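Chemist: Provided below are the primary sequence and the corresponding predicted coordinates.
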Amino acid sequence: MKPGAGTTKSSASTRLVLLTLASGQFLMALDSSVMNVAIATVADDVGTTVTGIQGAITAYTLVMAMFMIPGGKVGGLIGRRRAFMIGCCVYGCGSLVTAIAPNLPVLLFGWAFLEGIGASLILPAIVALVAGNFPVERRPAAYGLVAAAGAVAIALGPLIGGVATTYFSWRWVFAGEVLVVLAILVFARRIADAPAAERPRIDLVGVVLSALGLGIFVFGVLRSDEWGWLRPKPDAPSWLGVSAVVWLMLVGLLLIWLFLRWEARLVARHREPLVDPAMLRVKQLTGGLTMFFFQYLVQMGVFFVVPLYLSVALGLSALKTGARLLPLSLTLLAAAVLIPRLFPDVSPRRVVRFGILALLVGAVVMMGALDAGAGAEIVTVPLLLIGLGMGSLASQLGSVTVSAVPQEQSAEVGGVQNAVTNLGASIGTALAGSIMIAALTSSFLANVEQNPAVPAEVKSQATVELSSGAPFLSDAQLTTALEEAGTSPEVTQAVLDANDDARLDGLKAALAVLAFAAALALFFTQRIPTTQPRAPAA
């Protein structure tokens, strides 16, 4: 079927195609947040530590980042719909293995490897299939809904994980994913394929260089919490007095540079590259990719900070924490659906700037609202604003990036786009986490040092033991630890007060960095076009 054949389909069939693709996007994003509220439960169930489960979650992002660009090329080799369906099969197998995993190695194989490989085939194919099944003028709405499905999955993940863990088992989440995958495979037959004009060749050297470059860079970013960004934390690996994180990121960037040089060499020799370097010189495409990067950086940073405030600082249950994130989903869906429908001719640049400003204002309002004695209700208005910003960006960016190049390159764009979003997500989470811990540690030690109720030996011990970073603890966790240490009631209360203030300082510092990132993104919006695409790219 020719690209754009979606125009001849019935309205019901078109909606079914969109629902199928959005369901795939929902599943891919769900695993990034669904188990964040049940890490301790999962760790106990498979006989490992919390650190082991956190490693499994981050490994999922790492595998996706490594293989997203090659996954986009595979779609051109075997057909986008076939790549989508094979990716769903691999992902479903990974979900099944995860659901029955008896230990951490099996969990890593199912969750991180199989599901990560499946996602690297599915996500680029979704971008190409939207382009192949919807006419140009309907793509902003289609991309908006697909992107909204992923963002809503991240927002609902803690609620879904909380319900499953509280009333059933965390394993039912992954068993349920298998059923969803089966339903997607049934309806995927209605999706029109978007086959490449010629059978492409896979650049194996490019695959290795891009996978290693992105993988090493993202791995370095993800280790920043434990190793330190520049100055190595105690017992962390280092070289020449500099944290291993810096060296990993430099090696990753060097490999990415070598990858681009290799691709340019292939083009000069009239051979087919994995990614055409000329594509990355298109102003509109790089503008859209830059906005995707900043959106996911801020988005995942917020999804890291807000649940910590609700579940740890306020002590809310997993269910209540997830419920407090729902306002974000409401405005996100509203913006993603209604902006293309009510304003089909609106300037994409104007909408993107509005979305970035909404993210910025939401982060600033939340930062200002955090105060001693504040309750869970203070996150409602900021989350409404952040959801509005995310939905606004979702309604435009997918169409902006794909319309910037000929349709036969849409799968390549999908691979690059999803690699960029995973990069932004990992940096956002790591940056928010490391800044929060640094600010919390500094504030906690300063508060303890200035409190006369805390004995000198306790101050000295705290300085030594917390030199690598203070943990983000609830009052209940800290009270238990202090009671086991045999501290007096006066010292316990003084430490609890210091911890309360330090937690807020850490959360505010993380939000300030996210607000700064949103403000920085405004300087790159000039690359976003001012008119909606109305005809296929030449």
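Modeler: Yep, it's here. Residues are numbered from 1 along each chain as shown.
Chemist: give the other helices and strands that the helix or strand containing M300 contacts.
Modeler: Using DSSP states H and E, the element containing M300 is helix 283-308. With contacts taken as 3 or more Cβ pairs under 8 Å, 6 or more residues apart in numbering; DSSP states H and E, helix 283-308 sits against helix 139-167, helix 348-369, helix 380-394, helix 397-402, helix 410-450, helix 489-521. C-beta coordinates here come from the backbone N, C-alpha and C atoms, glycine included.
Chemist: contact partners of stretch 331-341?
Modeler: Stretch 331-341 is contacted from outside by 140-141, 144-145, 147-148, 151-152, 155, 346, 351, 355, 384-385, 387-392, 394-396, using Cβ atoms under 8 Å, 6 or more residues apart in numbering.
Chemist: pLDDT of that stretch, averaged?
Modeler: Averaged over stretch 331-341, pLDDT sits at 82.
Chemist: coming back round to it: dump the helices and strands packed on helix 283-308 to CSV, plus mean pLDDT and distance to S238.
Modeler: Listed next are these as CSV, based on pLDDT from 0 to 100; distance: least, Cβ to Cβ, whole Å:
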stretch, mean pLDDT, distance to S238
helix 139-167, 77, 34
helix 348-369, 92, 32
helix 380-394, 90, 36
helix 397-402, 80, 38
helix 410-450, 77, 16
helix 489-521, 83, 24
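Chemist: and the closest residue to N422 other than its chain neighbours, which helix or strand is it part of?
Modeler: Closest residue in space to N422, ignoring its immediate chain neighbours: A65 at 4.3 Å, by Cβ to Cβ, 6 or more residues apart in numbering. Element membership of A65 [criterion: DSSP H and E] is helix 50-78.
Chemist: what comes up buried for that helix?
Modeler: Neighbour-count burial for helix 50-78, counted by 16 or more other Cβ atoms under 10 Å, picks out 52-76, 78.
Chemist: and for stretch 91-101?
Modeler: Buried residues in stretch 91-101 (16+ other Cβ under 10 Å): 91-99, 101.
Chemist: cool, stretch 84-91 as well?
Modeler: For stretch 84-91, a neighbour-count test (16+ other Cβ under 10 Å) marks 84-88, 90-91 as buried.
Chemist: where does pLDDT dip in the stretch 101-250 of the chain?
Modeler: Per-residue confidence for the stretch 101-250 of the chain (pLDDT under 70) gives these ranges: 155, 194-200.
Chemist: where do the helices sit along it?
Modeler: According to DSSP state H, counting those that start in this stretch, the stretch 101-250 of the chain carries its helices in the segments 104-107, 115-133, 139-167, 171-187, 204-222, 224-227, 244-268.
Chemist: compare these and report which one is nearest to I427.
Modeler: helix 204-222 (5.3 Å; Cβ to Cβ).
Chemist: check which helices and strands that closest one is in contact with.
Modeler: Under the contact criterion of 3+ Cβ pairs under 8 Å, 6+ apart, helix 204-222 touches helix 50-78, helix 244-268, helix 410-450.
Chemist: want to throw those into JSON lines with distance to A404?
Modeler: Output for these, formatted as JSON lines (distance: least, Cβ to Cβ, whole Å):
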{"stretch": "helix 50-78", "distance to A404": "15"}
{"stretch": "helix 244-268", "distance to A404": "18"}
{"stretch": "helix 410-450", "distance to A404": "8"}
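Chemist: out of these, the one nearest L370 is which?
Modeler: The closest of those to L370 is helix 410-450. By Cβ to Cβ, the value is 11.9 Å.
Chemist: which strands or helices does the closest one pack on?
Modeler: The helices and strands touching helix 410-450, judged by 3+ Cβ pairs under 8 Å, 6+ apart, are helix 50-78, helix 115-133, helix 204-222, helix 224-227, helix 283-308, helix 397-402, helix 456-465, helix 489-521.
Chemist: how about the CA coordinates for the second one, as CSV?
Modeler: The C-alpha atoms that make up helix 115-133 are tabulated as CSV, following Å, rounded to 0.1, in the frame of the first residue of the first chain:
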residue,chain,number,x,y,z
GLU,A,115,12.2,-6.1,26.3
GLY,A,116,15.0,-3.6,25.4
ILE,A,117,15.6,-5.3,22.1
GLY,A,118,11.9,-5.5,21.4
ALA,A,119,11.5,-1.8,22.1
SER,A,120,14.3,-0.9,19.8
LEU,A,121,12.4,-2.5,16.9
ILE,A,122,8.9,-1.2,17.9
LEU,A,123,9.6,2.5,18.6
PRO,A,124,11.3,3.4,15.3
ALA,A,125,8.6,1.4,13.4
ILE,A,126,5.8,3.3,15.1
VAL,A,127,7.2,6.6,13.8
ALA,A,128,7.4,5.3,10.2
LEU,A,129,4.0,3.6,10.4
VAL,A,130,2.3,6.8,11.6
ALA,A,131,3.8,8.5,8.5
GLY,A,132,2.7,5.7,6.3
ASN,A,133,-0.9,5.4,7.6
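Chemist: report the distance from that helix to the chain centre.
Modeler: What separates the centre of helix 115-133 from the centre of its chain is 16 Å, taken as Cα atoms, centre = their mean, to the nearest Å.
Chemist: now that helix against helix 410-450, angle please.
Modeler: Interaxial angle, helix 115-133 versus helix 410-450 (axes from the mean of the first three to the mean of the last three Cα atoms, to 10 degrees): 130 degrees.
Chemist: which elements pack onto helix 115-133?
Modeler: helix 11-30, helix 50-78, helix 80-99, helix 139-167, helix 397-402, helix 410-450.
Chemist: adding distance to Q284, write the ones you listed out as JSON lines.
Modeler: Converted to JSON lines, the helices and strands packed on helix 115-133 look like this (distance: least, Cβ to Cβ, whole Å):
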{"stretch": "helix 11-30", "distance to Q284": "23"}
{"stretch": "helix 50-78", "distance to Q284": "18"}
{"stretch": "helix 80-99", "distance to Q284": "22"}
{"stretch": "helix 139-167", "distance to Q284": "14"}
{"stretch": "helix 397-402", "distance to Q284": "6"}
{"stretch": "helix 410-450", "distance to Q284": "11"}
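Chemist: and those: which comes nearest L250?
Modeler: helix 410-450 (15.1 Å).
Chemist: how far is the closest one from where the chain is centred?
Modeler: Relative to its parent chain, helix 410-450 has a centroid offset of 11 Å by Cα atoms, centre = their mean.
Chemist: which of the helices of the stretch 101-250 of the chain is buried the deepest?
Modeler: Mean neighbour count (mean count of other Cβ atoms under 10 Å) peaks for helix 115-133 among these, with a mean of 29.
Chemist: how much does that one deviate in direction from helix 139-167?
Modeler: 150 degrees.
Chemist: out of the helices and strands packed on helix 410-450, which is closest to T20?
Modeler: helix 115-133 (9.1 Å).
Chemist: okay, which residue is most central for this structure?
Modeler: A425 (3.7 Å; Cα atoms, centre = their mean).
Chemist: isn't that residue up against S32?
Modeler: Yes - using Cβ atoms under 8 Å, A425 is in contact with S32, at 7.2 Å.
Chemist: joint contacts of these two?
Modeler: 61, 300.
Chemist: for the nearest residue to V306 once chain neighbours are set aside, give me its contacts.
Modeler: The spatially closest residue to V306, leaving aside those adjacent along the chain, is V379, at 5.9 Å (Cβ to Cβ, 6+ apart). Residues in contact with V379 (Cβ under 8 Å, 6+ apart) are 306, 309-310, 324, 366, 369.
Chemist: right, I'll call it a day here.
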